[in-house]
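# fold the following for me, if possible:
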Amino acid sequence: MKKIFNLFLAVFAFHTLAFVGCKKDMEGTEGPIITISEDVPNLEELNAGQTVTVPVTVKSELGIRRLSYFFIRKNANGTESGTPVNFDQTDYPIELQKDIVFNADQALVELVIVSFDKMNRSSEVHLSFKEVRDVPVLNFTNNIKSRETVFENKRISITGHVESKYDLSAITFTTIVNGQASEPKNVQFTDKRSSDFSAGIVVQKGLSAIVIKAVNAYQGAAIDTFKIGSVVDDAVNITLDGGITSIDKVYAGAPNTLSGMVSSGSDILSISYAMKVNGAYGPETPLTPGTPLDEFNFSATYNGVKNTEAIRITARNQGGKEKIIELPVGKVYNRLLTFTVELTTAIGPGKNNWFSAYKAPHVFDVNTAPAAQSMLDFAFAKYSSSSFRIMPSGIVQAGAAYQTAMAPYMPGFSQVVYTLVTANRSSVTPAAMAEINWDGELTAFLEQKVIAPVSQGGEGYNIKTTNRRFNGELKVGEGFIIGWGALPWGGTVADNKAFGLVMVKAYSVVNGVANATLEIKVPDEDNRTKYNPESIHSYPL
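Numbers count the residues shown, from 1 in each chain. Next comes the predicted model:
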C-alpha cells in the first residue's frame, strides 16, 4: 500500500517560476498528487551519514510542470530553508517518477516536496525527521592510518579507540589480500560506549589493507581503513605519530619531542636522529631501541635551535637494511624578549624616559640617551600640562608642538628614528599578553586578532601601513602595539615590518609628573638595527 499525501495551498512561488493564467481559474482546484513509496526508510530512525532514497511519484491529468524539493535545517537562530532542487518538465507528463537521494545529518528537520502542474496549481508534502543519530567515532592510535612496509609471516596489531553515544554491538576487522576481502572477524571489547581495540593479524603476501568497522545498537557504523604499502621479506620502516611527513614548528631554546614507531623484518641494531641547521646536518644522536627489537615505539627529545631546517631519523637492522627519513621544518618559533620597565616624564639623571628593546640596559635618561639615540624605540614624555604620551624620537617630524614637547628629552641628539606606536587596541589584553611568548604566536595573534576584518574576529586595523607615532591614553590593563619599519620623511604611509606588544601595568600622575610601568614583548631579532637604514633621519630638522 502506498502513502498518499494530497494538500491544497496558495501559490507556492519559487523565484525561478513564471506564473501564467488567471488566479481566479485556480480557486478551489487541487494540484498534482504526490505519492511517497512505502519503500522509503523510516525517517525518524536514521543514522548520520546514512544514504537515504525517497522514491516519489507525481500524477496530474493537466501535466506536470515541476517537481521540487528542499530541506529545512536547524541553524544557530532556529531553522532555515535550503536551496530548492528543481526537476522542470517541458513535455508536461501526466506521471513523473523521481528518487530523492541524500545523506542524513543531525541538522535535518523536514524534507519538503512540492509539485506544480501546467496551470501552476501546486501541492506539497512535508516529511519530518525526529532524530538523526550519531554514529560511532573511530580513531587509529596516534592517528597513524598506514604503514609503508610490513613483513611477511610476522604478526602485526592495528590498534585504536572507539567512542559511541549508543551501545556498541560489534567491532570487526576485514583484511584485503590481492584485492579480496576476508570474512569479518570480531574484536573483543568490554566498554560499550568507549573502548580501545586491537586487530591482530599474521601478514601474508598481497595484504593491502585492514578495514575496521564499529557498529552501534541502531546499526550506525563507522568504517576506516588502515593501508599497507607493500609486504616484503626484510626492510626497515619508520612511521611518525600522526602520520606526519614534516614538522610544523620547532621551538628554539626549548625541548621539542618527535615520536613514532620503527618496524623491521629483523632486529633493529641502531636508531638515531640529527638536526639540519644552516644547511648542514649535525652529529647523530643515538636513541635506545625498544622491545621487541623488530617493532617498537621511540621518542626523540631535542633542544630546538634557531634556523633549524630539518630533522633526520636513521634506523639500521641486522639484515643490513637501512631507512632514513627527513622531516623538513616549516617554522622555527623563537622566544620573545620580555621586559618590565619603569619610565617617567620627569627629566634628570637617573630619571629614565627612554626605552630600547635591543640595547642594554634598555632604559635611558637624558644623560645616557644621546649615546644610544639610534637604538631608542620610544620615550615617555610630557606633551602638555594634562597629556603624557609614549612617542618615538621621530615624532618631531609631525609638527612644531611635538618638536617643542620632545626637545627637553633630546639634548645632544643628532638623529631621530621612526617607531610605530598605536593607540590602545581592544585585542591587546592582559590575558592575550600572557599567552603570547613566541614570535610565531605573536605573528598569528596580529594577523588573526588585529589585522583580520571584524567579520573574521579581528579589528580590521592594518598595522603594516598605518602611520601613528604616539599613545596618549595610558590606562592600567590596556595595551598597544609598537613596530619597526619605514616612514618616508614627510610621508603619510608607513611600511611597518616587525611588531611588539606593550601592556600598561601601572600608571600615575602626581604634581604634573607621570610614571608608568610597562610590560613589553618583542621578537628577539634586532629589528631596530635591521630597519634603521629605512627609518633613521637627521636632527634637528
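# does anything pack onto the helix or strand Val54 falls within? Which helices or strands?
With elements taken from DSSP states H and E, the one containing Val54 is strand 51-59. In this structure, strand 51-59 makes packing contacts with strand 33-36, strand 64-75, strand 95-103, strand 108-117, judged by 3 or more C-beta pairs under 8 Å, 6 or more residues apart in numbering; DSSP states H and E. Where C-beta positions appear, they are placed from N, C-alpha and C, glycine not excepted.
# which parts of that strand count as buried, going by neighbours?
Neighbour-count burial for strand 51-59, with 16 or more other C-beta atoms under 10 Å as criterion, is recorded at Val52, Val54, Pro55, Val56, Thr57, Val58, Lys59.
# in its sheet, which strands sit next to that strand, and in what direction?
In the sheet containing strand 51-59, its partner strands are strand 33-36 (antiparallel), strand 95-103 (antiparallel), by DSSP bridges.
# for this protein, which strand is longest?
Among all segments of the chain classified by DSSP state E, the strand with the greatest residue count is strand 495-510.
# that one pairs with which strands?
Each strand that pairs with strand 495-510, with its direction, by DSSP bridges: strand 479-486 (antiparallel), strand 513-522 (antiparallel).
# what's the closest of the strands paired with strand 51-59 to Ala494?
Nearest of the strands paired with strand 51-59 to Ala494, taken as C-beta to C-beta: strand 95-103 at 51.3 Å.
# what angle sits between the closest one and strand 64-75?
Here the directions of strand 95-103 and strand 64-75 differ by 20 degrees (axes from the mean of the first three to the mean of the last three C-alpha atoms, to 10 degrees).
# list phi and psi for Gln188.
Recorded main-chain torsions at Gln188 are phi -70, psi 140, according to degrees, to the nearest 10.
# how close does it get to Ala199?
Between Gln188 and Ala199 the distance, using C-beta to C-beta, to the nearest Å, works out to 10 Å.
# just name the shakiest helix or strand of the protein by mean pLDDT.
Scoring the helices and strands of the chain by mean pLDDT, DSSP states H and E places helix 23-26 at the bottom, with a mean of 30.
# tell me the pLDDT of the residue lying closest to Gln97 once chain neighbours are set aside.
Spatial nearest neighbour of Gln97, excluding adjacent residues (C-beta to C-beta, 6 or more residues apart in numbering): Thr57 at 5.1 Å. What the model reports as pLDDT for Thr57 is 96.
# what's the answer for Gln204, then?
So Gln204 comes in at 93 (pLDDT).
# which residues does it contact?
By C-beta atoms under 8 Å, 6 or more residues apart in numbering, the residues touching Gln204 are Glu152, Asn153, Val177, Val231.
# report how many residues lie close to the second one.
The tally of other residues near Asn153 (other C-beta atoms under 10 Å) stands at 11.
# dihedrals phi and psi, it?
Geometry field for Asn153 lists phi and psi as phi 70, psi 0, criterion degrees, to the nearest 10.
# before we move on, back to that, nearest to Ser266, of the buried residues of strand 51-59?
Each of those was scored against Ser266 by C-beta to C-beta, and Val52 proved nearest at 52.0 Å.
# assess the claim that that closest one and Asp105 are in contact.
No: at 10.6 Å, Val52 and Asp105 do not qualify as touching, with contact defined as C-beta atoms under 8 Å.
# which one's the longest helix in this structure?
Taking residue count as the measure and DSSP state H as the definition, the longest helix of the chain comes out as helix 527-535.
# and that one, what does it pack onto?
The criterion is 3+ C-beta pairs under 8 Å, 6+ apart, and the helices and strands that helix 527-535 contacts are strand 415-417, strand 479-486, strand 495-510.
# can I get these in CSV including distance to Phe296, mean pLDDT and mean neighbour count?
Formatted as CSV, those follow (distance: least, C-beta to C-beta, whole Å; pLDDT from 0 to 100; neighbours: other C-beta atoms under 10 Å):
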stretch, distance to Phe296, mean pLDDT, mean neighbour count
strand 415-417, 57, 96, 21
strand 479-486, 49, 97, 24
strand 495-510, 45, 97, 18
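# which of those sits closest to Gln219?
Comparing the helices and strands packed on helix 527-535 by their distance to Gln219 (C-beta to C-beta), the top pick is strand 495-510, with 54.3 Å.
# all strands for the stretch 301-450 of the chain, in order.
Here the stretch 301-450 of the chain has its strands, by DSSP state E, counting those that start in this stretch, at 308-317, 322-333, 337-344, 354-355, 363-364, 378-384, 387-391, 415-417, 420-421.
# hmm, who's touching stretch 440-455?
Applying C-beta under 8 Å, 6+ apart, the contact partners of stretch 440-455 are 249, 331, 333, 336, 425, 427, 432, 435-436, 456-464, 481, 499-501, 521, 523.
# go with 10 Å
Residues outside stretch 440-455 that contact it (C-beta atoms under 10 Å, 6 or more residues apart in numbering) are 248-251, 330-334, 336, 422, 425-429, 432-433, 435-436, 438, 456-464, 481, 483, 498-501, 521-523.
# show me what counts as buried in that stretch.
Applying 16+ other C-beta under 10 Å to stretch 440-455 flags Gly440, Glu441, Leu442, Thr443, Phe445, Leu446, Lys449, Val450, Ile451, Ala452 as buried.
# just confirm Thr245 contacts Ile325, I think it does.
Yes: here Thr245 lies in contact with Ile325, judged by C-beta atoms under 10 Å, at a distance of 8.2 Å.
# settle it for me: which of these two has more neighbours?
In this comparison of Thr245 against Ile325, neighbours counted by other C-beta under 10 Å, the higher total goes to Ile325 at 17 against 10.
# beta partners for that one?
Applying DSSP bridges to Ile325, the residues it is bridged with are Ile313.
# ok, back up a step: format the strands of the stretch 301-450 of the chain as CSV; extra columns: distance to Val137.
Conversion of these to CSV gives the following (distance: least, C-beta to C-beta, whole Å):
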stretch, distance to Val137
strand 308-317, 31
strand 322-333, 29
strand 337-344, 41
strand 354-355, 52
strand 363-364, 55
strand 378-384, 52
strand 387-391, 51
strand 415-417, 56
strand 420-421, 47
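# related to what we said a few turns ago, quick check: neighbours shared by Val52 and Asp105?
Common neighbours of Val52 and Asp105 (criterion: C-beta under 10 Å, 6+ apart): Leu46, Phe129, Val132.
# and the pLDDT at the first one?
Read it as Leu46. 91.
# can you pull the contacts of it?
For Leu46, the contact set (C-beta under 10 Å, 6+ apart) comprises 52, 103-106, 108, 129-133, 218, 220.
# can you check Met275 too?
With C-beta under 10 Å, 6+ apart as the criterion, the residues that contact Met275 are 250, 256, 281-285, 302-305, 308-312, 329.
# swap in 6 Å and give it another go.
Each residue near Met275 by C-beta atoms under 6 Å, 6 or more residues apart in numbering is listed here: Gly282, Thr308, Ile311.
# just to revisit the earlier point, just put the strands paired with strand 495-510 in a markdown table and tack on distance to Asp167.
Formatted as a markdown table, those follow (distance: least, C-beta to C-beta, whole Å):
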| stretch | distance to Asp167 |
| --- | --- |
| strand 479-486 | 52 |
| strand 513-522 | 51 |
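# out of those, which gets nearest to Asn353?
Once these are compared by C-beta to C-beta, strand 513-522 is nearest, at 10.7 Å.
# mind listing what's buried along that closest one?
Ala514, Asn515, Ala516, Leu518, Glu519, Ile520, Lys521, Val522.
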